[in-house]
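> everything below, folded, please.
(3 chains)
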Amino acid sequence: MMNVLSSWRSLSEKIIIPIAALILSLVVFGIFCALNGTNPFAVYGVIYQSAFGSAFSWQGTLVRAAPLMLTALCTALPARLGLVVIGNEGALVMGGIGAIAAGLAFSSLPPLVVQIAMAIAAIILGGIWIMGVGALKYYRGVNETISSLLMNYIAIAILNTLVEGPMRDPSSLNKPSTYPLLEVNWLQSIPGSRVHFGLIYGLIACVIAYFLIQRTTFGFGVRTAGGNIRAAKIAGLPVGKLTLAVCFLAGSCAGLAGMVEVAAIHHRANASLNTGYGYSGILVAFVARNNPLASVLVAILLGGLLASGSGLQRSLGLNDASVLVFQGIVFLVILFSESIYGKLDFFKDRQVPPKITPSTQPIA
Amino acid sequence: MAAETADWLGVPLAIIGGTLRGSAPFLFVSLGECLTEKSGKINLGLEGTLLTGAMSAYAVSYLTGSPWLGVLAAGVAGLCLGAIHAWLSQRSGVSDVAVGIAMIVFGSGIAFFFGKAFIQPQAPQLPIFEFGAWSNYPPLQSALQVSPLLLIGIAIAPIMQWFFKSTRWGLYVRAVGDSPSAARAMGISVFWVRFLAITIGSFLSAIGGACLSLYYPGIWSENISSGQGLMAVALVIFARWQPMQCLWAALLFGGAQAIGPALQSVGVTSFRYLFNASPYIFTLIIMIITCSPKRTLAGSPGALGTNE
Amino acid sequence: MKDEKPLYIPRRQIIRGIIASTAFGVTSQLWTGCTPSEPTTTDTTATPPASGSELTIGFIFVGPKDDFGYNQSHFQGQGVISQLAGVKTVDEANVPETATVQETMLSMINQNGATVLFPTSFGYFDPHILKIAKENPTVQFLHCGGMYKEGVHPTNVGSYYGYIDEAEYISGIVAALTTKSGKLGFVAAKPIPQVLRNINSYTLGARSVNPKATVQVIFTGDWSIPVKEAEAANSMVDQGVDVMTCHVDSPKVVIETAEKRKIFCTGYHVDQSQLAPNGFLTGSEWNWGKVYTTYVEQVKAGKTLADGGIPHLVRGGLKEEFCKLSSYGSAVTDATKKEADAVLAKFMDGTMVIYAGEIKDNTGKIVIAKDKKLMQTDPTLEKMDWLVEGVVGKIG
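Numbers count the residues shown, from 1 in each chain, chains lettered A, B, ... in the order given. The predicted model follows:
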């Protein structure tokens, strides 16, 4: 108890600095809007209303945040190992393909079985995709950032080829798609809201990821290898197996996001699966410093930003790029704020000088 | 009776033309990123810089009537964005990869926001050298149309190679990139060398954007970049941080972009998407073949990827 | 690491700062009530409502509003109805075809009070519009390009589209009469029926005046990808094409490339004549303003889709003014104009049938039997999956 009280300064630092960063970014964006002829206070009002102002807007924010929690893990997990993987988009697409294939193949079975099959297929395909990136890195030394980026484009090309070719539903004329899922197999919304169960998947996945990395021996091995690969090898850690395992897990999270897109939103696979959630997930992971629990918060923040962008267009006539500027400002300021930790004197825990009592003095 | 115009000479000509047309943005962005990475920091935000450069080049060219002023304006825009990145990513505790990604979003936002007014108008384009004027064969003439920007870029590559190898400032950059603590011991200011390297690298990348909007395809639109900024980061690693190899890699990429449409125009129409993805497939295959776990980072600046 | 002096901020200032920000957060609730969030519409002259309350209409675009193409054509239509009395419009651009558009539609209904929505991109229909329409039965959803099916789709959904291929037919005639090499070029996005129909009508028009003309087609694979469109245009010009046209979301690239290579071109979606002062011949333009005005009048008269007052499936061509022909460019000769105008007159009096008689596709198969005439409204045309004889290129 005494420890908490005496270290309240450094604890409060972790709360106040992010909030101050958000406020500062609002101020900067307000100045930007004012310079372009829009009333900044009206802007703040719309942002608040569209993102967090009512139950309706909260749900809108969560709908936008749900896929980001899963795709962020695709970058956050390998980052613990020291790998920079940006293949989230590719893994999501491959997961979506796997999900629709399973969903159609097993469509006569009971819905729960079908959904589990879809999830498993998505996890496997997405996982293998990123595991390939990890394998290339470990066995051939190919830089994982580049190979995962290239695999994104290749995955999208595969998606388009399959969707317009072998997997195409002939009646989907003007928008080539696969056959649709049966309605019973759709992923439903959480009762009482319009947010689908993908949100729950995302939350559970982030919590599991956190515990996996922070509290298991597997996670410890990952973090050690991420800190110093040579030391890890000397300690006997199977770095190759760790790399493959972590990459598989990372890809499976993004693949699961793809399954949610297919099962909850589109109910089929087509070119719209290539949504950009993957790239937003990279941003979330980095701003959250690869901490899965923080990713949840950052994903909700980004969801709120996107929701406010929609409101800004409709209510104030700002053009659609203003939300990108806003996002950029917020994230740049948050990143800037990360360099302030430990610099402000206010937040430094005061050293309590040891009390000197006559009885403790050594006898000279 | 479909008249299949199997003019097979058309395909190599289209690829040559595509190389000369399409490699200029890759060249400038990869040279800029090469300079940045040699100093030990990654700038992933070049996609945003490319777009802002393209937009400002187009806007200034339209407003002033001079495309060269547009190129200059693009460079200035690149300097500004580069300065933000340089300052922010060098603060302690901030990851340069993260800043780069945030800059992609910010740079694209700025480019699209201010560029809305310029989607419709037509801006004066850069002049072109007609190297094929001696021939009477129109496809050859058009394939050999070369922009002065491409020539400038081709000239910069060996100059940069020489700069790194044989000049004192090049040595400073390499020192800062390989071992910042040694550089500090030498009395070099790590902050300022990196600042200059990142900013000038950004300047070059923005000029790559100007190639897109003032030369080929010669328009401003929000989809103008097909990932050139991100691919250039790949190119630099692919080229082992050597400017001359960046040049060859950029030419390879520019040519590969033209394969898909060129093949379609002579009748090879299946697997359209895979042919369009050929630059990416090529690069991946070449990287798999040429990399090995032992020699992977040969040539990589030592401080790259760490937070020093 | 850089050595930085720790920033020293006195405690009092920090406490003041925190109080200020808390006050900010608390009072922001008040602003949302106070600020008159002025919905800036496309039209600044806010006309007072004629009788009763104002009609709020929402527009959703998949791309930028000023792309010189598809989205701009709808935006121009929005501009037309914003001028009508008692009509207020809100719009959102660059909305992708994912859950985001569902959120946009719901926000327009809940936050802006929209009672009529025009989501203009084809991909919004299934599943997005269908889902939101079911949940909001009092709102009218009018979708461009979809095919409403009685009994399958919710009753408050309607679809409209125009037979712009009629204008493409005439563009094909003008192109074929102007070309010197006999080779025409078509840059297309994806091989879907709406695009194939345009290609085929263009080719049929061209070959009706020049039976040896060919139309080379290249599919870029994406609705808007300027670099590929420019490459496609350039490689076709290298093959000898001297009149170019396209069906992509933003024809700006193709038209400007054609002008740079000094060949002729015909436009699509909107009027692109200012982009190619020398080479522009004519073009096919949408006239959505007319369609939207009709809808607005019906809604104001109290009709709805559900009760059948507003028709579910709306189609029209040149005669119904759903589309029009761009003005002829300077390169079009008078003789050409006369021939084209003659065909235009036939469309206007309803006697013109494009898909008539024996028509073979470009593999030699007969797709329309002799003596059979398919009127524009025939649903088999909306399922087109072949390229007519004279087109150089393949679908798959």
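> ok, the residue of the stretch 51-200 of chain C found nearest chain B to residue A:320 distance?
The stretch 51-200 of chain C approaches chain B most closely through residue C:66 (4.9 Å), counting by Cβ to the nearest Cβ. C-beta here means a position set from N, CA and C on the backbone, and glycine is covered the same way. Separation of residue C:66 from residue A:320 (Cβ to Cβ, to the nearest Å): 12 Å.
> higher neighbour count, the two?
Ranked by neighbour count (other Cβ atoms under 10 Å in any protein chain shown), residue C:66 and residue A:320 place residue A:320 first, with 24 against 18.
> so what's residue A:99 scoring on pLDDT?
If you check residue A:99, the pLDDT there is 92.
> give me the nearest residue to it, chain neighbours excluded.
residue A:259 (3.8 Å; Cβ to Cβ, 6 or more residues apart in numbering or on different chains).
> was I right about that neighbour contacting residue A:94?
No - contact criterion Cβ atoms under 8 Å: residue A:259 and residue A:94 do not qualify, at 10.6 Å.
> any stretches of the chain with poor pLDDT?
In the absence of a named chain, chain A is used. Low-confidence segments of chain A, defined by pLDDT under 70: A:1-6, A:347, A:349-352, A:357, A:359-364.
> um, chain B though
Where chain B drops to pLDDT under 70, the residues are B:1-8, B:267, B:269-270, B:293-299, B:305-308.
> please enumerate the strands of it.
Ranges of strands within chain B are B:129-130, B:145-146, based on DSSP state E.
> so which of those strands is the most packed in?
Of the strands of chain B, the one with the most neighbours on average (mean count of other Cβ atoms under 10 Å in any protein chain shown) is strand B:145-146, at a mean of 20.
> which helices and strands does it pack with?
Applying 3 or more Cβ pairs under 8 Å, 6 or more residues apart in numbering or on different chains; DSSP states H and E, one finds that strand B:145-146 contacts helix B:10-38, strand B:129-130.
> who wins for proximity to residue B:254 among the strands of chain B?
Across these, residue B:254 has its closest neighbour in strand B:145-146 (12.1 Å, Cβ to Cβ).
> strand partners (parallel or antiparallel) of that closest one?
Here strand B:145-146 has these sheet partners by DSSP bridges: strand B:129-130 (antiparallel).
> excluding its backbone neighbours, what's nearest residue B:19?
residue B:255 (3.8 Å).
> likewise for residue B:121?
Residue B:121 sits nearest to residue B:62 (Cβ to Cβ, 6+ apart), 5.3 Å away.
> pretty sure the one you found sits against residue B:123.
Yes - the pair residue B:62 / residue B:123 is scored as a contact, 3.8 Å apart, by Cβ under 8 Å.
> shared neighbours, the two?
Common contacts of residue B:62 and residue B:123, defined by Cβ atoms under 8 Å, 6 or more residues apart in numbering or on different chains, comprise residue B:70.
> nearest the geometric middle of the chain, what residue?
Defaulting to chain A. The centroid of chain A falls nearest to residue A:72 when counting by Cα atoms, centre = their mean (2.2 Å).
> chain C, not that one
The centroid of chain C falls nearest to residue C:70 when counting by Cα atoms, centre = their mean (3.3 Å).
> show me what contacts it?
Neighbouring residues of residue C:70 by Cβ under 8 Å, 6+ apart: C:63, C:120, C:249-250, C:269.
> for residue A:193, same thing?
Contacts here follow Cβ under 8 Å, 6+ apart; on that basis residue A:193 touches A:59, A:62.
> can you pull out the helices in the chain?
No chain specified, so I'll use chain A. For chain A, applying DSSP state H gives helices covering A:2-6, A:8-35, A:40-52, A:55-80, A:88-105, A:111-135, A:144-164, A:198-215, A:217-227, A:229-234, A:239-260, A:277-287, A:292-316, A:322-338.
> that's the wrong chain, I wanted chain C
For chain C, the helices defined by DSSP H occupy C:11-34, C:70-82, C:99-110, C:130-135, C:165-178, C:193-209, C:226-238, C:252-260, C:288-300, C:334-348.
> out of those, which gets nearest to residue A:56?
helix C:99-110 (5.5 Å).
> what's that closest one packed up against?
In terms of contacts (3+ Cβ pairs under 8 Å, 6+ apart), helix C:99-110 is packed against helix A:55-80, helix A:292-316, strand C:55-60, strand C:87-92, strand C:116-119, helix C:130-135.
> now those in CSV, with distance to chain B?
As requested, the helices and strands packed on helix C:99-110 are arranged in CSV below (distance: least, Cβ to the nearest Cβ, whole Å):
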stretch, distance to chain B
helix A:55-80, 9
helix A:292-316, 10
strand C:55-60, 17
strand C:87-92, 14
strand C:116-119, 20
helix C:130-135, 26
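> which among the ones you listed is found nearest to residue C:99?
With distances scored as Cβ to Cβ, the stretch of the helices and strands packed on helix C:99-110 nearest to residue C:99 is helix A:55-80 (5.7 Å).
> so is the closest one next to chain C?
Yes - against chain C, helix A:55-80 shows contacts by Cβ under 8 Å from any Cβ of the partner chain at A:56, A:60, A:63-64.
> for residue C:55, give me the pLDDT.
Residue C:55 is assigned 88 on the pLDDT scale.
> the residue lying closest to it once chain neighbours are set aside: neighbouring residues, count only.
Setting aside the residues directly before and after it, residue C:55 is nearest to residue C:87 in space (Cβ to Cβ, 6+ apart), at 5.1 Å. Other residues lying near residue C:87 total 23 when counted by other Cβ under 10 Å.
> ok, residue C:87 to chain A distance?
Distance, residue C:87 to chain A, by Cβ to the nearest Cβ, to the nearest Å: 16 Å.
> so what's that residue up against?
Counted by Cβ under 8 Å, 6+ apart, residue C:87 has contacts C:47, C:54-55, C:57, C:81, C:296.
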